[in-house]
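Trainee: Predicted model follows, preceded by the sequence.
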Amino acid sequence: MTFIGPDSDAIYDMGLKHIARDMAIYVDVPVMEGCSRLVGNVDAALGQASAMGFLIILKSANGGGGVGQQVCWSLDEVPAALTQVQSRLKELFGNLSVFIEKYYLTIHHIEARVFGNGSEVKAFGERECSIRRRHQKVIDECPTPNLVDRPELRNHIIACAKVLAGSMKYRSAGTVEFLVDDETGRFFLLEMNTRLQVEHGITELCYSVDIVSLMLQQAAYRHAGLPGIPLDELRNMRLKTLKGAAIEARYAARIRPIRFSGHVQLTTLPHHCARVDIWIDIGTYVSPFSVCEFPTMCRKRSDTVNTDSLLAKAMVHRSTREEAIVAMQEALSESDVGGPVTNLEVPRHCYSIPVAPSFYTHEYHYILRVHQEVLEPHDKLYFYVQRDATIRDAVLLAVRMFEVPIYGLPTEQMVEDS
């Protein structure tokens, strides 16, 4: 039996963020300023935070997808944040390994798609994955709008992704994720995901490549005792160039326990104008704890069944980004999932309010940056809005997307209001 994926060493090394960080430093791939070792207690965390300065983020050494993260604005917040992160890590991974990095407000999340055969690495462009809710991706775009007029930065990011993957003789598909500081243009390794990833479809649409087929081919060659896809075949893939623009919207379950109905009662999806990947059908049961928005309540229950919250994803591909946005608006307007409460209002409003046409563009920097932390029993929203955006637009988006009171208004200094 042959595993369809990379070598176990690559999965292990990239799965532990502090090891991935050290490997990146070794091959001169930029990394975020952070602690050189893991922290396990409050004294160590306070010492590292003091030396580093704020803002900082406490992160799990394991896992991905925003699991186990807490942003701290001051030293006073570090002890409680460490306790919360470690509690979450103990439940999920059985360990308390935490490390600390600097946290940037005006940041883009950009990832490069790579594929290797053990001797050479091919890159299929990059994607923008900055629009999130509770650290979970909501909108993905290919190519990155923010880099359209910055080819040197784009090429540098992709080159670093190839260097990192090549340094471990990577085999199969992977994604190297970076954070790009919108103010300076500097970028830093976030992590490498040693798997296909949800958003692989928009890369396939833009580059006319079947990444799943490549993974199967790679595994077949290895099963036959060969290193992998022949080098000439992999090099011929360089002829596949970017065509058009693609957008993906993720349809995910949102938990509102009081009015949650776990059985899917309706699915209306835009198959005629979009590529739709879906696993649910009428009658499918979706656990109310797929994504728990009330962690304390979930921890108290002994009968929780934790599954992924993703229900479906819609992808559109058009000649230009402007055309792709119109197509995505049509797809979202025709989509509905009855039964479980979903996040459909989030991607809909991302492209419906006045700031939407300027989303991601370099000229407007990052017009809207949302960071949300879960507080019980309420949500506290922090909004960072670039100077060209209006407070009204940001607050409107907050009310529509999150349906909660607004505690943080988008001013240079955070002000509390309700």
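Mentor: Here it is on my side, so go on. Numbering: from 1, shown residues only.
Trainee: Show me the longest strand that occurs in the chain.
Mentor: Counting residues, the longest strand in the chain under DSSP state E turns out to be strand 121-133.
Trainee: low-scoring pLDDT stretches of the stretch 251-400 of the chain, where are they?
Mentor: 255-261, 288-308, 352-400 (pLDDT under 70).
Trainee: My read is that residue 23 contacts residue 165, right?
Mentor: No. Using CB atoms under 8 Å, residue 23 makes no contact with residue 165, being 10.6 Å away. (Glycine included, C-beta is placed from N, CA and C.)
Trainee: more crowded one of those two?
Mentor: More neighbours surround residue 165 than the other of residue 23 and residue 165, with 28 against 18 (other CB atoms under 10 Å).
Trainee: For the residue nearest the centre of the chain, which three-state class applies?
Mentor: Centroid check for the chain by CA atoms, centre = their mean gives residue 137 as the closest residue, at 4.5 Å. Recorded secondary structure, residue 137: strand (DSSP: H, G, I helix; E, B strand; the rest coil).
Trainee: Tell me who's in contact with the closest residue to it other than its chain neighbours.
Mentor: Excluding the flanking residues, the one nearest residue 137 by CB to CB, 6 or more residues apart in numbering is residue 129, at 4.9 Å. By CB atoms under 8 Å, 6 or more residues apart in numbering, the residues touching residue 129 are 109, 110, 111, 137, 139, 140, 141, 177, 199.
Trainee: so who does residue 81 touch?
Mentor: Neighbouring residues of residue 81 by CB under 8 Å, 6+ apart: 58, 70, 71, 72.
Trainee: Taking those together, which two end up most distant?
Mentor: Greatest spacing in those, by CB to CB: 58 and 71 (8.0 Å).
Trainee: between these two, who's got more neighbours?
Mentor: Higher neighbour count among residue 58 and residue 71: residue 58, with 26 against 16, using other CB under 10 Å.
Trainee: mind checking how far the strand or helix carrying that one is from the chain centre?
Mentor: Using DSSP states H and E, residue 58 maps to strand 56-60. Relative to its chain's centre, strand 56-60 lies at 16 Å (CA atoms, centre = their mean, to the nearest Å).
Trainee: same thing with stretch 209-221?
Mentor: Worked out by CA atoms, centre = their mean, stretch 209-221 lies 24 Å from the chain centre.
Trainee: all helices for the chain, in order.
Mentor: For the chain, applying DSSP state H gives helices covering 8-15, 17-26, 42-52, 78-92, 151-167, 200-207, 211-223, 231-236, 295-300, 321-333, 345-350, 391-402.
Trainee: and these as a markdown table, adding distance to residue 274?
Mentor: A markdown table is the format used below for the helices of the chain (distance: least, CB to CB, whole Å):
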| stretch | distance to residue 274 |
| --- | --- |
| helix 8-15 | 32 |
| helix 17-26 | 34 |
| helix 42-52 | 44 |
| helix 78-92 | 33 |
| helix 151-167 | 26 |
| helix 200-207 | 10 |
| helix 211-223 | 19 |
| helix 231-236 | 30 |
| helix 295-300 | 33 |
| helix 321-333 | 4 |
| helix 345-350 | 12 |
| helix 391-402 | 21 |
